[in-house]
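>>> Mind looking at a prediction? Sequence and model below.
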Amino acid sequence: MKSKATLKELAKELGVSTSTVSKALSNSPEISELTKIKIKEFAQLKNYKPNSIAKNLKNQRSYTIGVILPNILNPFFAKVFSGIELYANEKGYNLITCTSNESLEKEKQMIEMLDNGAIDGFILALAEETQKENNFTHIYNVLRDGTPVVLFDRIAPELKCDKVIVDDFDSAVDATQYLLDTNCKKIALFSTINNLS
């Protein structure tokens with residue numbers, strides 16, 4: 001396997017400063033077009049790949065979002081994730097996806113693991129156990145530290161963050177009205193979820 005060159009190695013072999021190489025690879029107007037072409041071709045020849053972690057540290061942004069789903073097997077969450085991924089990619093963001101498997105403890109672990117500068121924010125639907133126990137301390141801590149959080153579907157009204165929810169009440173009214181308008185007389189609702197938002 002071909003080893004990857006570093007910025008310093010490229011600069012040394014080309015006889016220029018690391019700053020010149022960095023600027024050329026970033027298309028800086030401070031560097032002539034001829035020098036940019038020369039440096040870019042040499043970087044490609046030497047299998048140079050920018051260190052995204054170092055770049056992110058410098059910019060203080062990771063362009064990565066942590067997505068925590070309660071259950072990846074649920075078609076609803078799979079479809080929502082697909083939409084999140086599509087939009088995030090369009091905006092130049094990557095995703096790190098975890099599943100809590102409806103566990104409060106696992107949700108805490110995932111948040112703790114990701115909330116160390118690896119991500120710029122969270123998108124999550126709360127685990128069933130988190131809602132049952134009404135325990136949101138781990139999310140309060142993230143919000144207190146200034147990390148953006150967006151809750152979707154399963155939310156906690158007391159958390160001061162952005163939320164994306166479905167209006168279940170209006171949806172139920174619309175569905176019922178449709179059934180009544182089509183002359184249905186015996187209407188039933190089946191739901192196994194009574195402890196989740």
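Nice, thanks for sending it over.

>>> For the protein, which helix or strand comes out least confident on mean pLDDT?
Scoring the helices and strands of the chain by mean pLDDT, DSSP states H and E places helix 52-59 at the bottom, with a mean of 59.

>>> any idea which helix or strand comes after that helix?
Scanning forward in sequence from helix 52-59 by DSSP states H and E, the next helix or strand is strand 64-69.

>>> Listing partners with orientation, what would you give for that following strand?
Using DSSP bridges, the strands paired with strand 64-69 are strand 94-99 (parallel), strand 121-124 (parallel).

>>> Pick out the residue nearest the middle of this structure.
The centroid of the chain falls nearest to residue 65 when counting by Cα atoms, centre = their mean (2.2 Å).

>>> Just to check, that one is in contact with residue 97?
No - with contacts counted by Cβ atoms under 8 Å, residue 65 stays clear of residue 97, the gap being 9.3 Å. For the C-beta atoms, the positions are set from N, CA and C on the backbone; glycine is no exception.

>>> Show me what the longest helix that the chain contains is packed against.
Longest among the helix segments of the chain by residue count, using DSSP state H, is helix 75-90. If you count contacts as 3 or more Cβ pairs under 8 Å, 6 or more residues apart in numbering; DSSP states H and E, helix 75-90 packs onto strand 64-69, strand 94-99.

>>> Low-confidence ranges, this structure, go.
1-3, 51-60, 192-197 (pLDDT under 70).

>>> go with 50
1 (pLDDT under 50).

>>> Just the helices from it, written as ranges.
According to DSSP H, the helices that the chain contains are 7-14, 18-25, 33-45, 52-59, 75-90, 104-114, 128-133, 137-144, 168-181.

>>> Redo the ones you listed as TSV? Include mean neighbour count and distance to residue 152.
Output for the helices of the chain, formatted as TSV (neighbours: other Cβ atoms under 10 Å; distance: least, Cβ to Cβ, whole Å):
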stretch	mean neighbour count	distance to residue 152
helix 7-14	16	40
helix 18-25	18	38
helix 33-45	14	41
helix 52-59	12	25
helix 75-90	13	7
helix 104-114	18	14
helix 128-133	18	13
helix 137-144	16	13
helix 168-181	11	13
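
>>> any chance of those helices in TSV, plus distance to residue 162?
Below are the helices of the chain laid out as TSV (distance: least, Cβ to Cβ, whole Å):
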stretch	distance to residue 162
helix 7-14	38
helix 18-25	36
helix 33-45	40
helix 52-59	23
helix 75-90	13
helix 104-114	16
helix 128-133	18
helix 137-144	11
helix 168-181	19
